[in-house]
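Colleague: Curious how this folds, go ahead:
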Amino acid sequence: MGRASSSTLAALFALMMLAPVASAGSAVGLYEKISLSDQDLGLTGASVDPLGEWAIVFGAESYLELVSTSDPEDRVELVWNGEEELVYGDFHPGGQTALIVGSGGQVLRYARSDHSVTDAGGDLEFGQVSLTSVTWNSGGSWAYVGGMDGWLWRMRAAADGGAEVHPIQGRGSSDITGMDCHPSVMACVVTSLVDGIGVIDRDHNLHWLGGVGHPWSDVVCPTTESAICVAVSHDRTIATVTLDAELAATSEVSLVQVTGTEGYFTGISRQSGDRSLIMVAPFSLIEHDLSLNSSYPWLDNSDVVEYDAGVSNSRIVATWGTDRDSGWILTDRGDMVRYHPPLSNSLGGVLEVWVLIAIPAVTILVILSFALGLSPGLQQRFTLRFGTAEEKRAARREARRRKGR
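Modeller: Numbers count the residues shown, from 1 in each chain. Below you'll find the predicted structure:
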């Protein structure tokens with residue numbers, strides 16, 4: 001019994017040592033950290049492919065890298081000899097190519113087949129306008145590109161190897177800050193710095209829906225199950241955009257101001273199903289559940305400070321999920337931090353059940369051991385029923401020896 005007790009205590013101690021540093025008040029804990037470089041990379045974001053297997057990371061001085069979403073140690077350096085800041089990207093629905101846009105009208109095309117990066121003709125078609133967002137429509141036939149001062153275009157590859165580009169009419173005058181196309185509805189949602197939230201219909205017409213005056217930062221259409229997208233603004237306002245699949249112009253926007261929290265909402269990304277993660281500065285995360293139309297604190301800044309002061313002083317530029325409540329956080333400095341529920345949360349219920357089972361079981365074993373010690377006959381019957389083959393032979397020999405006395 002002494003050896004078993006020691007093993008049990010050692011196992012419990014080991015489980016306690018696995019608890020993360022950042023978990024005191026958060027729904028998830030922060031675990032291992034992987035750095036893309038020893039230098040501050042000045043990253044601005046990442047684009048995850050439709051299967052959720054790979055992400056293109058981009059940032060200052062045309063930094064590009066392909067990273068495995070499940071194991072960021074597995075990555076491919078993407079080469080582009082430019083000096084532009086790349087700020088937004090989106091994979092084609094087919095997953096084999098992606099567009100990345102940035103300053104100076106730069107549009108780059110990534111090809112999965114050979115990991116090549118080529119100029120998609122952006123600097124010729126968009127002039128020197130700083131491009132701020134890009135997204136493919138659900139069919140992958142056109143990509144929409146947004147820029148500073150409200151510029152909007154639709155583009156696709158041209159037969160001569162360049163790009164076919166057309167301006168979108170009815171644009172506003174403030175920077176386009178985010179775009180996302182719904183995966184099953186032929187409509188794309190646009191957010192702007194001042195002009196509010198708009199929707200682009202199947203005929204490439206732009207319709208402004210509302211939310212004027214809020215500094216919107218980004219938008220995401222998280223699931224095919226409902227025709228709803230979610231946008232967030234720096235002033236902690238969340239917009240639910242309910243799309244009209246037949247007539248996009250009649251889509252509706254409802255606004256909710258989040259209270260009881262501090263900081264600025266800098267972006268939003270898909271997590272799992274209809275759940276999204278809102279990125280907050282200073283460094284923290286809020287979960288938004290579309291089915292419940294509610295938001296919940298997910299990762300507290302105080303826990304991030306306790307985990308790593310350097311990480312807490314950086315900015316979240318992207319997140320991606322690897323499971324319902326697990327995934328990775330990407331910072332502007334180039335650190336990737338893994339998150340998932342604290343082990344104490346998942347083990348707590350298991351350990352409670354284990355204790356409820358183990359205490360009575362140990363008690364029974366102690367009583368049984370005591371009874372066997374006092375009664376050789378009972379011990380012999382127990383061995384003949386539950387013992388090994390060798391123990392049973394030994395018990396039979398002992399029984400014959402006793403009869404022969």
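Colleague: Give the buried residues for stretch 141-157.
Modeller: By neighbour count on 16 or more other CB atoms under 10 Å, the buried set for stretch 141-157 is 142-147, 150-155. C-betas here are computed from N, CA, C, even on glycine.
Colleague: Just flag the most distant two among those.
Modeller: Trp142 and Gly150 (19.0 Å; CB to CB).
Colleague: Among the buried residues of stretch 141-157, which are located in strands?
Modeller: 143-147, 152-155 (DSSP state E).
Colleague: contacting residues for the residue nearest the centre of the chain?
Modeller: Centroid-nearest residue in the chain: Trp320, 2.4 Å away (criterion: CA atoms, centre = their mean). Listed by CB atoms under 8 Å, 6 or more residues apart in numbering, the contact set of Trp320 reads 46, 48, 52, 55, 69, 269-270, 327-328.
Colleague: List buried residues within these.
Modeller: 46, 48, 52, 55, 69, 269-270, 327-328.
Colleague: quick one: buried residues of stretch 280-299?
Modeller: 280-288, 290, 295, 298-299.
Colleague: in a strand, that's where Leu124 is, yeah?
Modeller: No: checked against DSSP: H, G, I helix; E, B strand; the rest coil, Leu124 lies outside a strand; its state is helix.
Colleague: And the strands in the stretch 251-400 of the chain, which stretches?
Modeller: Counting by DSSP state E, counting those that start in this stretch, the stretch 251-400 of the chain has these strands, from start to end: 252-257, 264-272, 275-281, 284-289, 294-299, 316-321, 327-331, 335-340.
Colleague: is it possible to export the ones you listed to a markdown table including mean pLDDT?
Modeller: Shown next, in a markdown table, are the strands of the stretch 251-400 of the chain (pLDDT from 0 to 100):
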| stretch | mean pLDDT |
| --- | --- |
| strand 252-257 | 96 |
| strand 264-272 | 96 |
| strand 275-281 | 97 |
| strand 284-289 | 96 |
| strand 294-299 | 93 |
| strand 316-321 | 98 |
| strand 327-331 | 98 |
| strand 335-340 | 97 |
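Colleague: so which of those strands comes closest to Leu86?
Modeller: Nearest of the strands of the stretch 251-400 of the chain (CB to CB): strand 316-321, 11.6 Å.
Colleague: Compute the inter-axis angle for that closest one and strand 327-331.
Modeller: Using axes from the mean of the first three to the mean of the last three CA atoms, to 10 degrees, the direction of strand 316-321 lies 170 degrees away from that of strand 327-331.
Colleague: ok, strand 316-321: who's next to it in the sheet?
Modeller: strand 327-331 (antiparallel) (DSSP bridges).
Colleague: pLDDT at the closest residue to Val79 other than its chain neighbours, what is it?
Modeller: Of all residues not flanking Val79 in the chain, Val117 sits nearest, at 6.5 Å (CB to CB, 6 or more residues apart in numbering). We have a pLDDT of 96 for Val117.
Colleague: I figured Val117 hits Trp80, correct?
Modeller: Yes: between Val117 and Trp80 there is a contact at 4.5 Å, judged by CB atoms under 8 Å.
Colleague: just to revisit the earlier point, going by distance to Ala245, which of the contacts of Trp320 wins?
Modeller: The closest of the contacts of Trp320, once distances to Ala245 are taken by CB to CB, is Arg270, at 20.5 Å.
Colleague: Was I right to think the closest one contacts Asp218?
Modeller: No: here Arg270 does not reach Asp218: they are 11.6 Å apart, not a contact under CB under 8 Å.
Colleague: contacting residues for Val256?
Modeller: Shown in contact with Val256 (CB under 8 Å, 6+ apart): 237-240.
Colleague: swap the cut-off to 7 Å and go again
Modeller: Ile238 (CB atoms under 7 Å, 6 or more residues apart in numbering).
Colleague: tell me the helices in the chain, going along the chain?
Modeller: For the chain, applying DSSP state H gives helices covering 2-17, 122-125, 301-307, 309-312, 343-374, 376-386, 389-403.
Colleague: Where among these is average confidence lowest?
Modeller: When I compare the helices of the chain, helix 2-17 is least confident, with a mean of 37.
Colleague: Number of residues surrounding the residue nearest to Val79?
Modeller: 19 (other CB atoms under 10 Å).
Colleague: How about it: which residues does it bridge to?
Modeller: Tyr110.
Colleague: any idea how far Pro93 is from it?
Modeller: 20 Å (CB to CB, to the nearest Å).
Colleague: and if you look at Glu84?
Modeller: 26 Å.
Colleague: Looking at those two, which is more packed in?
Modeller: Glu84 (21 against 16).
Colleague: Surely the more buried one is in contact with Gly105?
Modeller: No: the criterion here is CB atoms under 7 Å, and Glu84 misses it with Gly105 at 8.8 Å.
Colleague: Gly95: what's it in contact with?
Modeller: Gly95 touches 49-51, 112, counting by CB under 7 Å, 6+ apart.
Colleague: Closest one to Ala248 out of the residues you listed, please.
Modeller: Distances from Ala248 to the contacts of Gly95, taken by CB to CB, are shortest for Pro50, at 22.5 Å.
Colleague: surely that closest one meets Pro93?
Modeller: Yes: with contact defined as CB under 7 Å, Pro50 and Pro93 form a contacting pair (6.0 Å).
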